[in-house]
Structures are given as structure tokens and as C-alpha cells.
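>>> Predicted structure and sequence below. I'll ask about it afterward.
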Amino acid sequence: MRFKGLTKGFFILILFVVTLAFFDILAPYFSAILWAAILAVIFQPLKNKLRDKMAGRNGVASLLTVLIICLIVFTPLAIILSSLAFEANVVYRKLQENNTQFPVVVADLLAHLPTWARSFLADHDLNNATQIQQALSSVALKGGQYLAGSAFIIGRGTFSFSVSFAVMLYLLFFLLKDGPFIVTQALDSLPLSRYVKHHLFAKFAAVSRATVKGTVVIAVLQGILGGIGFYIVGIDGSVLWGALMAFLSLIPAVGAAIVWVPAAIFLFATSQLWQGFFIVGYFVVVVGLVDNILRPILVGKDTKMPDYLILITTLGGLEVYGINGFVIGPLIAALFIACWNLLSGKDHRGNVDELDDEFIEEGKAHPDD
């Protein structure tokens, strides 16, 4: 018996070491694997509809779904990024040519500061428009020199991103094609009750789908509306500011305000009163409604978590996991709640989420059959 126990324990040790080594190998492509899995969960229904219309040709339907994802997701993103690069280049060129009124307006704003603040800026030669103009031009020039000197690093990062993107698309195709079979094999390997495994995976799918779809929709709407608002009041770089607000909208409740509140203060301090009142009213009423109404509907309803928990876990996720954290944070929180509800008996065999019957039947069939 001791020999059998020793054998079993040694096998568990080997399993533990091999598992750690396996995940260590996958670590460089963590983001690619995560987003391939999330996109497969989101677009699985689309793939199923295409497969039904194509007489069960699962591989062709999966490939067509990947092409549709590239068309509706990645192509618009590439266009937006190219527009941002163009506008950033315009701003950079204006700074180099001293062809922008921004430093002059900043100097007017500084005139409203208290005496101690103006003295501090004067000590650093930043108390008039000309000095601010020269400082910004110097920063822009040094930034350009740094980017030029870091061309190799940027190129290497671009190559790494391209490889990760290709891995994601490649994995996405197979997850769409063989996803149900892969999930079924993985769930069968877990030493848990059937209803527990199904409940946890269903929770993972629901939270991933709700978080990504809801956050992306809200980000796009807030970015577009924010850019339009800045364009109306004549703030330069409305596309850049709109993109920044879209990115910051990943942070619930306070995201876009990080941009528009300083802009409103700036407008009031420079006596641009109607522009300031317009920005405040526009963002509180129009843009604020997008976040306050759509986020609970698109995110909170499906995740079944309160807004404050979504906020905290999103911030924590962004802090720990970077950009992927806006999905991982709420996902971990949802699985945490689900596990404790199962342990306490609040969730049981009679009220847990079940996987779709079609998904289960598809998972039982081997993909090569």
C-alpha cells in the first residue's frame, strides 16, 4: 500500500511539474489564447448559423466566421489607428513648426493660477507663451529622436505583435471548428460533478461575452460622442481625444471624465464659457447616459454582479493584467462568486446554468467524424 501511495504521489508531482512547464511555454501567447477563446465564445452562434446554411460544412463555416471577424472588428480598428497616427503626426509637425495656439491658451490659463504656482513655474521658465512653446517643441523633438533611436525595439515589438495576432487567428479558427469537442474533453478531465463543471463553464462564457460586447459597445459610443463634442467646441485633436476616451471607458463610471473634466475646466478658465457649459452638459447628459444606462444592461445583467464590484474588479484587473484585465477581473470575480455559491449550497443542481444541448451534442462528436 505504501508503494502504491508513493507511486500515486510521485505521479501527481510529475503532473504538477509538467502542467507548470506547459503553462510556462504558453505564457508568451497568453493574450492571443485569451482573445481567441473569448472571440470563439462570442461568435460561436454565428458560426453555427453559417454551418446550418452551408449543409453542415463546419470547417468552411469556421473559416468564413474568422474572415467576418477580421472584416467587422480588425479592419475598422486598423483604420482608426491609421487616423490616429496621421493626427498625431499633424500635432507633432505643428509643434516643431511652432504652428499651434495651444501654448498661448495654456499661458492664459496659467494667468489664473495663484501667486505661489506662478512663481514655481517662473523658476522653471514656464511662465509665458514663448517659453511653453519652446518647451513643447523641445519635448516633441526629443520624442521624435527617441522613437528614431528605438526603431529596432519598435520593429521587434511589431514583429512580436504580428506573430501573436497570427497565432490568435490560427487558434480562433480551430476553437470555432472544434471548440465544443475541446471543451467537452477538458470538462470530462475535471474531477467535478457534471452540473458544477457545466455551471462554471457557462458562467465563464456568459461573463466573457457580456464584458467584451458591453465594454466594446460602450467604448465605441463614448469615443464617437466624445470626439464629436470636442469637435463642436473647436478643441484640436478631436479624434485623438475621442480615442483616448474610448480607451479610458474601460474603467466604469469614471473613464471618459478623466478627459472631459479637465477640458471643461480649461475652457472655463480661458473664458470660453459657452464651450465649457456645452461640454459639461453634453458629457453629463448624453455621454453619461450611455454609461449609466447601457453598462448595467449589457454588462451587469448577464454577469449578475453589482456595479461597484464590476468597477473594483475591472480596476484591479487592469492593474494586474494590463489591457486584458478589463475581462479577466470581472471574470475572476464571477467565478469566485459562483464557486462560493456552490460550496454554500445557494447554487445547486436544481438552479445552476446548463450548457446548450446543441453544444453538448456537438462536443460528443469527434471533429474528424
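Yep, it's here. Numbering: from 1, shown residues only.
>>> For stretch 320-330, buried residues please.
Neighbour-count burial for stretch 320-330, counted by 16 or more other C-beta atoms under 10 Å, picks out Tyr321, Asn324, Gly325, Phe326, Val327, Ile328, Gly329, Pro330. The way it works is simple: take the backbone N, C-alpha and C, and place the C-beta from them, glycine included.
>>> List the ones among the residues you listed that fall in helices.
Within these, residues falling in helices by DSSP state H are Tyr321, Gly325, Phe326, Val327, Ile328, Gly329, Pro330.
>>> Let me see the contact set for the fourth one.
In this structure, Val327 makes contact with Leu34, Ile38, Ser208, Thr211, Val212, Thr215, Gly317, judged by C-beta atoms under 8 Å, 6 or more residues apart in numbering.
>>> buried ones in stretch 197-205?
Result for stretch 197-205 [16+ other C-beta under 10 Å]: buried residues Lys197, His198, His199, Leu200, Phe201, Ala202, Lys203, Phe204, Ala205.
>>> now it: mean pLDDT?
For stretch 197-205, mean pLDDT rounds to 83.
>>> cool, and stretch 208-224?
Stretch 208-224 shows a mean pLDDT of 82.
>>> Pull out the buried positions in it.
Counting neighbours by 16+ other C-beta under 10 Å, one finds that the buried residues in stretch 208-224 are 208-212, 214-216, 218-223.
>>> now it, how far from the chain's geometric center?
9 Å (C-alpha atoms, centre = their mean, to the nearest Å).
>>> Over to stretch 206-216?
10 Å.
>>> repeat for stretch 332-341
22 Å.
>>> how about low-confidence regions in the chain?
1-6, 80-159, 252-255, 296-303, 351-353, 357, 362-369 (pLDDT under 70).
>>> now, which of the buried residues of stretch 197-205 lie within helices?
Among the buried residues of stretch 197-205, the ones falling in helices (DSSP H) are Lys197, His198, His199, Leu200, Phe201, Ala202, Lys203, Phe204, Ala205.
>>> Compile the buried residues of stretch 208-224 into CSV and extend it with columns for distance to Asn58.
Shown next, in CSV, are the buried residues of stretch 208-224 (distance: C-beta to C-beta, whole Å):
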residue, distance to Asn58
Ser208, 22
Arg209, 21
Ala210, 26
Thr211, 27
Val212, 24
Gly214, 29
Thr215, 30
Val216, 27
Ile218, 33
Ala219, 32
Val220, 31
Leu221, 35
Gln222, 38
Gly223, 36
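>>> Out of those residues, list just those in strands.
For the buried residues of stretch 208-224, membership in strands holds for none, with DSSP state E as the criterion.
>>> Considering those, which is situated nearest to Ser160?
Val212 (23.1 Å; C-beta to C-beta).
>>> Give me the nearest residue to that closest one, chain neighbours excluded.
Ile38 (5.6 Å; C-beta to C-beta, 6 or more residues apart in numbering).
>>> if I look at the one you found, how far off is Val239?
Look at Ile38 and Val239: by C-beta to C-beta, to the nearest Å, they are 27 Å apart.
>>> Those two: which is more packed in?
Ile38 (22 against 18; other C-beta atoms under 10 Å).
>>> Would you agree the more buried one is in contact with Ala210?
No - applying C-beta atoms under 8 Å as the test, Ile38 and Ala210 come out as separate, 11.1 Å apart.
>>> Could you pull out the residues contacting both of the two?
Taking C-beta under 8 Å, 6+ apart as the contact criterion, Ile38 and Ala210 have no common neighbours.
>>> Which parts of the helix or strand that contains Leu13 count as buried, going by neighbours?
Per DSSP states H and E: Leu13 is located in helix 2-26. Using 16+ other C-beta under 10 Å as the burial criterion, none of the residues of helix 2-26 qualify.
>>> Tell me the gap between it and the middle of its chain.
35 Å.
>>> next helix or strand past that helix?
Immediately after helix 2-26, counting by DSSP H and E, sits helix 30-53.
>>> ok, and what's touching that next one?
For helix 30-53, contacts defined as C-beta under 8 Å, 6+ apart pick out 26, 57-58, 61-62, 64-65, 68-69, 73, 164-165, 167-169, 171-172, 175-176, 179, 205, 208-209, 212-213, 324, 327-328, 358-359.
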